[in-house]
Each structure stands twice: as structure tokens, then as C-alpha cells.
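>>> coordinates for the following, if possible.
(2 chains)
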Amino acid sequence: MTAVRCVDLCKTYRQGDQDIKALDHVSIEIQQGGFVCLSAPSGGGKTTLLNAIGGLDIPDSGEVWIADQRIDEMSKGELADLRLASIGFVFQAYNLIPVLTAQENVEFVMQVQGIPAASRREKSLAILEEVGLKGLESRRPAEMSGGQQQRVAVARAIVSRPALVLADEPTANLDSKTSDELMALFTELNEHHNTTFVIATHDQRVMGYAKRLVRMLDGRIVDDIEQHAA
Amino acid sequence: MRLLPVLVRLAWRYLWRNHRRTIIMLSAISVGVWAMIFMTALTRGMVDQMIKDGVSVLPGHVQVHHPLFLDDPSVSNRITIGDAELARAFDTAGFKAWASRVKVPAVIASERESRGVTLLGIDPAAEREFSFVSYDDVEGRFLEGADDNGIVIGRELASKLETEVGKRVVLMSQDPENEIADRGFRVVGLFKANMPAFEESYVFIGKQAAQKMLRIGDTTTEIVFLADDYRNIEPTFKQVSARVDSSLEVSRWYEVDTYLGTMLKVMDGFVLIWVIVIFLALSFGLVNTLVMAVFERVREIGLMLALGMKPASILGQIIIESMLLLAVGLAIGDLLAWATIQPLQGGIDISAVAEGMEMMGASSVLYPKLYLSDMIRANVVVLILGFLASLSPAWRASRYEPVEAITKVG
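Numbering: from 1, shown residues only, chains lettered A, B, ... in the order given. Next up is the predicted model:
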């Protein structure tokens, strides 16, 4: 079953007097349960592609499909509903709401989804334990390290078991040990829950975990390799 | 509604994220609200006092006259119903208070001076509820009955006439045939009033003495009634109208004293304008606070949108934040106003500007009057205008594109 399908995506940004082609006729199909790394130098288009897949950015042309829904023609409200129900996000930085505790951050999406309080509490405590943050539930982001914050963000992204997780440089602020722990968690979720992961990264170590590595350059896919995960 | 708890929690936490800014804004709102309510209470107190001095006493809340009396207040335009018949009609009707009196213009003369005055022929027992004179605070004595042959004048008038208790004065007016009606009276008392103008312009004699002097039998010129409150006189007005002959004119106090009636109406408008003007000053601070609050968390708003929160929820969150700020400021301001007005219930002496106040018909002591309705009005106006003021920053926040907001630098 296809989890993500992009057809002939184009996206151009204007920077000063120059037009930058962030996506140049990109087409890609990712199956449910895929574990895909998008790799590119800075400005290569990986984040733009990730944002287009997540409905955060609308391409100038082309089609984006999530499962059987075409999302590039959806309204803001429909996109918000889709993200809420089906997609988990992990961003590189500024991932958490600073005025909420770790547990409240994890519960945030579930609360917006309308999950009852008792269930939210149970799930959030369980997932925080799973990502190794037991005992830190009441801490606010400012009271946690970068790695701990990133794990809270991962916990929030996966707590309601979305079909698709999009992660943009999830290990950028983490040391190698924490990066490995995080990737191990992603791999486990991918294997045991059939969650599809699309990760934009520079990190060779992260690429090593991917089943499929997509290299981009100047907004185009230049390489698409199936590989054995580490 | 499902999201309300999380929106309220976010709004409350964001409010206290920059607690210094919030405290400064809260102080501004609280002082502004205090000023709204305190000034309103002072003005209300002044107008209330003016109306009490000018209406509740002497004229009463509902009056009955001959239709021509208000234009030509002479005994020719009197009520030709005798005292006994009036008593039968009104004594058992359950009015809070009522009195019939003779009220005509007259001239009073001592051996040295003369002055134009309003002559009041009264039954002191019936007039007690209407009188601006404290019967016990009279130099000499007040009238003892409707058949009393003495005269009570104000201290100010006594001074102008250069007379005193025990001396005789002459009262002169016109009878129904337009002939001079005059009589000598001995001054039995000098009354004191809140306003010197009252002391100078009114003289009291017994009702029967006035009827006899003016040769009008047992008739009077004015019947007055007191309602429970000057703001709620319609039941009394209807009751009186139902009991008097249709050839007589029944008037509400504000129809008789149009100046005070208009002033009461103007006051309501003034209070609203006052509240709005103060709010406008506050609104700059409020909007600035909200704009700053939105500006410094653009990325977090982007994050919430990216996670699936709808723009309407972001809009709601900022508006709730504004409403919470206003609600706390209002609560503190209300409390401050109550705490400062309560100790002043005994009155504020403003005798330094008393002459100016008297020209407006107010006394030299201000009694602040805190009405719940004024407080509610100030609170509602602030909340409504605050809601409107917060719409712009809230709308702006809800229009952010998630990607642009998340990647915003600085």
C-alpha cells in the first residue's frame, strides 16, 4: 500500500533577485512501512519535499498524495485535520511548546484530537517511559537537555501511532549515543507498528538505519537506493 | 469547546511567561478600571445628592397640580379639593408618603429689608418625609402643627433681613381675587439647609395659617407623593393618576424639574463615554502587549499549526489570553474601587469648591455612590472593547503559514 506519492513536484522560492528551484519535477512513491532517508546538501530540497509531504508547504505544481488523499488541493483546515490524524512531526529545533511540561507536550496532540484525559495520561506516561524520560514528566523544555527535548518531541510525534512520521534533522542537536537511541526507537516503531518514516538528514549515521536512501541535489532526486538497514 | 481547556491553559501559561510585562499591563488595567468606577461613583453620588436635595425633598417624586399652576404658580390655579377629601383619597392608599401644601410666591419683609421667597404652608407631620429641614436642628423651634401661627425661615434669609427668632416679619402675596393678602408672623425658628440657596428662598408657615391668609378655605396648591426610589416612580405615578380627578395634572419629578431630569439622562451617557475614553487609553497597552506576545512566539504558533491545531484555535487562544488579562485586571480594579469607595461612604468634604457645586445644585459634601449596574457596565464595556482590540493581533497570529512561522529567525 502506498503511504506517500509525489508526482512531478515543483517549488520555486524567490531569494533577492534570484529564483531558487527547491523542487524540480520531483516524483517519489513510498510504501507503507517504508523507512526513507532524504539526504542532500543544504538547499538541496529535502526539507521542502518533507514539508510538501506533510502539507506544511504547497508546491507550485504537481501532486502530493498521502495514502489515497490528494493533499495539495486541500484547504488549511483539511490539512490541519490530516496532520492531526495521520502525521507525526519531529523538527530540528523549537520542537516543544515551552510553557507546557514534557507530559503536557506529549498530550497536546491527543488533546487536540479529543482523546479523553485518562487515556491521554496513560499513553503519555507510557511513551515517555519508552523514550527513557520516566521521572521527567513534569519538567518544562527549559529544564531539559537538547536530547531530552528531542525525545519528548519524538514521543509526541508517535504517541497517537500515526501512519506516517516526518522528521527533519532529528539528530542535529544530539550526541552520537542519543542519536543511536533515537534511531533505534524509530526502527523499532517501523518494524513493530509498520509506521512509515521519512527523515531528512545530513547525518551518515542516520542514513545507515534507512531501508531506502534518496539523495537530492538542487531540488532533484539524483539517487534512490534500497539498502539493508544497520 | 473540546479544545477550551487546553486553550485556556496555554493562554494562562503564556500570560505569565513574561510576568513582568503582564504585571505592568495588569496594573494599568486595574488602575484604569478603578478610575472608571471611582469617578463614576463620585459623579453618581453627586447627581444622586442633587436629585435627593432637589427632588426627593420638597417636590417629591410625583406631583399633582392645577394644569396651569406650573406656568403660573398662584392661588388662582389651586386644587379645589378640600383637605378632608384629599385625606379620604390618599390616607389609606398605601403611599410611602404624601402631603398637600400651599406653595406660592410671596414677599417677606422685616423692619429693615424685604425679599422675594417661596411661601410654604405645610402640615409639619405630613411634610417630615419631604423636608430638607431637620426639624430638630432648628434654632428656636420648627412648626408644631398645621395651625401653628409662627414662621420658620432660613438662617441665610434671617441674616439678609437682619431679623432673628422672636421678631416679627410680614408676608405678602395675592389671594384668588388678585387682591393683596398679607399678615404678620413671629419668627419662631431659623432652619439650616445643605445649600444656602434653600435657606434664602423658602419660608414655612402652618398650612391653615396660609389658607386663612390667602383666603382659599381648606384648599391647597400642590399634592406631593414619595415613591420608593426616584428611579422607579411609575407605580406611584399610575396609582396617583388613578385616584385624582382628570381635570388635575399629575407629573413625574423629571417633568417638573427638567434640568435634573435631563442631567440624570446625560449622566448615563457621560458614564459610558468616560468608561470608553479610559479604555481607549488602555487599549494601546493591551494591543501592544498582545502584539508582542504573538511576535515572540511565532515559531510556537507555527509548531501548533503544524501539529494540527486549526487557525481558529490559535485565534481563540490569543483572544482568551486577552480576556484572561482583562478579567484579572477587572477583578483587581473592581476590588480596588470597592475598597476605596467603602471608607468614603460617610462623604467627602469638598467645601473648598462648595460655591461652584451649589451653583450646580449640589451640596458641599460628596457621597460616592457605587451602583452594581455601573460596575457591571464598566466591566462589560471593557470586556467587549478588549475583545475587539484583541481581534487584530489574534487574527494575525492565526494567519501564519506553519512553515514560515517555524523557520522564522529571531
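>>> residues in contact with the least confident helix or strand in chain A by mean pLDDT?
Least confident helix or strand of chain A, by mean pLDDT, DSSP states H and E, is helix A:176-193 with a mean of 87. By Cβ atoms under 8 Å, 6 or more residues apart in numbering or on different chains, the residues outside helix A:176-193 that reach it are A:33, A:35, A:130-132, A:147, A:150-151, A:154, A:158, A:161, A:165, A:167, A:170-171, A:174, A:195-197, A:199, A:203, A:205-206, A:209, A:229. C-betas here are computed from N, CA, C, even on glycine.
>>> check these one by one and keep those near chain B.
Counting by Cβ under 8 Å from any Cβ of the partner chain, nothing from the contacts of helix A:176-193 sits close to chain B.
>>> please spell out the ChimeraX selection for the buried subset of the residues you listed.
The ChimeraX selection below is limited to those of the contacts of helix A:176-193 classed as buried (16 or more other Cβ atoms under 10 Å in any protein chain shown):
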select /A:33,35,130,131,132,147,150,151,154,158,165,167,170,171,174,195,196,197,199,203,206,209
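>>> filter the contacts of helix A:176-193 down to the ones in helices?
In helices, defined here by DSSP state H, the members of these are A:130, A:147, A:150-151, A:154, A:158, A:205-206.
>>> residue boundaries of the strands in the chain?
Here I'm looking at chain A. A:2-15, A:18-31, A:35-39, A:61-66, A:69-70, A:87-90, A:164-168, A:196-201, A:212-217, A:220-226 (DSSP state E).
>>> you looked at the wrong chain, it should be chain B
Under DSSP E, chain B gives strands at B:62-65, B:97-109, B:114-122, B:138-140, B:150-154, B:168-174, B:180-191, B:202-206, B:222-226, B:249-252, B:348-349, B:365-366.
>>> mind putting these in JSON lines, distance to chain A included?
What follows is the strands of chain B, written out as JSON lines (distance: least, Cβ to the nearest Cβ, whole Å):
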{"stretch": "strand B:62-65", "distance to chain A": "62"}
{"stretch": "strand B:97-109", "distance to chain A": "63"}
{"stretch": "strand B:114-122", "distance to chain A": "71"}
{"stretch": "strand B:138-140", "distance to chain A": "70"}
{"stretch": "strand B:150-154", "distance to chain A": "69"}
{"stretch": "strand B:168-174", "distance to chain A": "81"}
{"stretch": "strand B:180-191", "distance to chain A": "69"}
{"stretch": "strand B:202-206", "distance to chain A": "69"}
{"stretch": "strand B:222-226", "distance to chain A": "60"}
{"stretch": "strand B:249-252", "distance to chain A": "58"}
{"stretch": "strand B:348-349", "distance to chain A": "46"}
{"stretch": "strand B:365-366", "distance to chain A": "47"}
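>>> any chance of JSON lines for those strands, columns mean neighbour count?
Listed next are the strands of chain B as JSON lines, based on neighbours: other Cβ atoms under 10 Å in any protein chain shown:
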{"stretch": "strand B:62-65", "mean neighbour count": "25"}
{"stretch": "strand B:97-109", "mean neighbour count": "21"}
{"stretch": "strand B:114-122", "mean neighbour count": "19"}
{"stretch": "strand B:138-140", "mean neighbour count": "16"}
{"stretch": "strand B:150-154", "mean neighbour count": "25"}
{"stretch": "strand B:168-174", "mean neighbour count": "18"}
{"stretch": "strand B:180-191", "mean neighbour count": "18"}
{"stretch": "strand B:202-206", "mean neighbour count": "24"}
{"stretch": "strand B:222-226", "mean neighbour count": "23"}
{"stretch": "strand B:249-252", "mean neighbour count": "18"}
{"stretch": "strand B:348-349", "mean neighbour count": "12"}
{"stretch": "strand B:365-366", "mean neighbour count": "18"}
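>>> those strands: which one's closest to residue B:22?
strand B:348-349 (33.8 Å; Cβ to Cβ).
>>> who are the packing partners of that closest one?
Helices and strands touching strand B:348-349, by 3 or more Cβ pairs under 8 Å, 6 or more residues apart in numbering or on different chains; DSSP states H and E, are strand B:365-366.
>>> which strands or helices does the strand it packs on pack on?
Using 3+ Cβ pairs under 8 Å, 6+ apart: strand B:365-366 touches helix B:19-51, strand B:348-349.
>>> so how far is the longest one from its chain's centroid?
The gap between the average C-alpha position of helix B:19-51 and the chain average comes to 18 Å, counting by Cα atoms, centre = their mean, to the nearest Å.
>>> sorry, back to before: of the ones in helices among the contacts of helix A:176-193, which pair is most distant in space?
The widest separation within the ones in helices among the contacts of helix A:176-193 (Cβ to Cβ) is 21.4 Å, between A:130 and A:205.
>>> nearest residue to residue A:124 in space, please, no chain neighbours.
residue A:106 (4.1 Å; Cβ to Cβ, 6 or more residues apart in numbering or on different chains).
>>> wait, that neighbour sits on residue A:126?
No. With contacts counted by Cβ atoms under 8 Å, residue A:106 stays clear of residue A:126, the gap being 9.9 Å.
>>> out of those two, which sits in the busier spot?
Taking other Cβ atoms under 10 Å in any protein chain shown, residue A:106 and residue A:126 do not tie; residue A:106 has more neighbours (32 against 13).
>>> contacts only, for the most centrally placed residue in chain B.
Taking Cα atoms, centre = their mean as the criterion, residue B:48 is the residue nearest the geometric centre of chain B, at 2.8 Å. Neighbouring residues of residue B:48 by Cβ under 8 Å, 6+ apart: B:367, B:369.
>>> quick one on the thing from earlier: would you turn the ones in helices among the contacts of helix A:176-193 into TSV with distance to residue B:382?
Putting the ones in helices among the contacts of helix A:176-193 into TSV (distance: Cβ to Cβ, whole Å) gives the following:
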residue	distance to residue B:382
A:130	48
A:147	47
A:150	44
A:151	45
A:154	44
A:158	45
A:205	57
A:206	54
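>>> so, low pLDDT: which residues of chain A?
A:94, A:228-230 (pLDDT under 70).
>>> near chain B, which residues of it?
Close to chain B, as judged by Cβ under 8 Å from any Cβ, chain A has residues A:51, A:54, A:56-57, A:76-77, A:80-85, A:89, A:91, A:94-100, A:104, A:108-109, A:111-114, A:156.
>>> just the buried residues of these.
Buried among these (16+ other Cβ under 10 Å): A:51, A:54, A:56-57, A:76, A:80-84, A:89, A:91, A:94-100, A:104, A:108-109, A:111-112, A:156.
>>> quick revisit: what comes up buried for the least confident helix or strand of chain A?
Applying 16+ other Cβ under 10 Å to helix A:176-193 flags A:178-183, A:185-187, A:189-190 as buried.
>>> neighbours of residue B:242, how many?
Using other Cβ under 10 Å: residue B:242 sits among 9 other residues.
>>> again, but for the one 5 residues further on
By other Cβ under 10 Å, the residues close to residue B:247 number 9.
>>> likewise residue B:295?
Quick note: residue B:295 (other Cβ under 10 Å) scores 12 neighbours.
>>> again with residue A:166
28.
>>> how close does whichever residue of chain A sits closest to chain B get to residue B:52?
Nearest residue of chain A to chain B: residue A:84, at 2.7 Å (Cβ to the nearest Cβ). Counting by Cβ to Cβ, to the nearest Å, the separation of residue A:84 from residue B:52 is 63 Å.
>>> now residue A:182
Residue A:182 is 78 Å from residue B:52, by Cβ to Cβ.
>>> try residue A:199
Taking Cβ to Cβ, one finds residue A:199 at 80 Å from residue B:52.
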